[in-house]
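Participant: take a look and give me a structure for this.
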Amino acid sequence: MNHRRKALPALACMVCLCLSIPAAAETPGIVVNAIPQDAAKLKHEVAGFIRTVTQLTEVDQYARRAKPFCPVVLNIDPQYTASVLDKVRRAAAATGTLTEARPGCEPNLAIIFSNDGDSLVRAMSMRQPLLFAGLTIAKRRELFDSGRAVRWWYGTGTEGADGDKVDEEGNLKVWHASLVSTGVRFNLSATVVVVDITRAEGYPLDAIASYAAMVAFAQIKGTDGGLAGLPSVLGMFARTGARSNAQPDLTVWDRAYLHGLYHIAPDRPAWQQRSALAGAMIAAAQTSPEP
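Facilitator: From the prediction side, this is the model:
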């Protein structure tokens with residue numbers, strides 16, 4: 001499981017972002033961000049949040065970024081780029097640990113806008129097949145056949161618990177045994193997010209950018225099941241109501257999730273990580289100010 005998908009394509013076509021407001025008014029979709037005061041209820045809801053949004057790695061661990069991120073925003077009018085990057089940087093700040101690479105770095109996080117997401121990902125798979133190496137059949141179906149407004153995938157890298165590299169054959173030498181550590185950690189080495197502006201019509205750019213930023217730094221499921229009532233920006237496509245009222249920022253829950261994820265031990269089995277993440281998320285949610 002030593003996937004290497006770091007190179008990100010530079011696309012020549014530039015399109016103007018037009019996220020128009022729909023003419024017909026609808027009932028607003030309400031996102032409840034409040035943190036329950038009852039400890040048992042909070043614990044239950046946090047566990048549900050984690051279970052609903054998280055996509056575990058193939059060996060049942062939580063993945064996250066281990067190195068500075070280097071973002072690039074493609075196919076969007078330059079006047080909007082700063083707004084998208086601002087949301088990305090806010091999400092990175094929520095982790096409490098991630099830093100941005102220096103100017104001139106090799107991009108490892110691409111947010112690409114297109115007026116036809118289906119055609120774009122198919123073209124990318126023809127021109128840059130290594131970007132899709134190692135993806136499961138289910139993930140490929142999600143990327144090529146789902147018709148989603150926003151879709152994404154990750155490049156992952158396997159390292160030892162202490163940052164040791166795998167060899168050219170994908171093997172990892174473990175120099176010490178542990179009943180606690182798995183001996184490995186899984187890093188998100190690259191993230192590609194494709195926004196179909198035709199299907200995203202009516203949603204504010206801030207909402208789309210916040211959604212993209214949330215999936216950039218954690219391995220998030222690519223389905224909307226169970227998200228409609230979740231206090232997260234990730235539920236925006238599952239909710240009914242006026243698209244113009246979509247959540248424009250990460251919620252308290254989103255930021256607590258990112259903070260918790262980046263403060264748990266990366267070299268533990270998922271059942272241990274899940275418990276630690278829930279505790280860290282509860283602590284962060286109770287002390288997190290509104291954005």
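Participant: where along the stretch 1-150 of the chain do the helices fall?
Facilitator: Ranges of helices within the stretch 1-150 of the chain are 39-53, 78-95, 117-127, 137-145, based on DSSP state H, counting those that start in this stretch.
Participant: for the shortest one, packing partners?
Facilitator: So the one you mean is helix 137-145. In terms of contacts (3 or more C-beta pairs under 8 Å, 6 or more residues apart in numbering; DSSP states H and E), helix 137-145 is packed against helix 117-127, strand 150-160. Backbone N, C-alpha and C define where each C-beta goes, glycine included.
Participant: circling back: quick one: closest of the helices of the stretch 1-150 of the chain to Lys221.
Facilitator: helix 39-53 (6.2 Å; C-beta to C-beta).
Participant: can you list contacts of the closest one?
Facilitator: 35-36, 218, 220-221, 225-227, 230-232, 234, 253, 257, 274, 277-278, 281-282, 285 (C-beta atoms under 8 Å, 6 or more residues apart in numbering).
Participant: in helices, which of the residues you listed appear?
Facilitator: Those of those mapping onto helices are Trp253, Tyr257, Arg274, Leu277, Ala278, Met281, Ile282, Ala285, per DSSP state H.
Participant: low-confidence ranges, the stretch 1-150 of the chain, go.
Facilitator: 1-32, 57-59 (pLDDT under 70).
Participant: swap in 50 and give it another go.
Facilitator: Filtered on pLDDT under 50, the stretch 1-150 of the chain yields the residue ranges 1-30.
Participant: now do stretch 230-238: distance from first to last residue.
Facilitator: 10 Å (C-alpha to C-alpha, to the nearest Å).
Participant: ignore what I typed, I meant stretch 210-225.
Facilitator: For stretch 210-225, the end-to-end distance is 19 Å (C-alpha to C-alpha).
Participant: mark which of the contacts of helix 39-53 are buried, thanks.
Facilitator: Buried by 16 or more other C-beta atoms under 10 Å: 35, 218, 220-221, 227, 230-232, 234, 253, 257, 274, 277-278, 281-282, 285, out of the contacts of helix 39-53.
Participant: which residues in the stretch 151-291 of the chain form strands?
Facilitator: Using DSSP state E, counting those that start in this stretch, the strands of the stretch 151-291 of the chain run over 184-196.
Participant: and the residue nearest to Ala94 when sequence neighbours are not counted, how many neighbours?
Facilitator: Excluding the flanking residues, the one nearest Ala94 by C-beta to C-beta, 6 or more residues apart in numbering is Arg255, at 4.0 Å. When neighbours are counted by other C-beta atoms under 10 Å, Arg255 registers 25.
Participant: likewise for the one 4 residues further on?
Facilitator: Number of residues near His259 (other C-beta under 10 Å) recorded here: 21.
Participant: how about the contacts made by it?
Facilitator: Ala94, Thr95, Gly96, Ala280, Met281, Ala284, Ser288.
Participant: my guess is the second one contacts Phe217. True?
Facilitator: Yes - taking C-beta atoms under 8 Å as the contact criterion, Thr95 and Phe217 are neighbours in contact, 6.2 Å apart.
Participant: what do those two both touch?
Facilitator: With C-beta under 8 Å, 6+ apart, Thr95 and Phe217 have common neighbours Arg64, Leu258.
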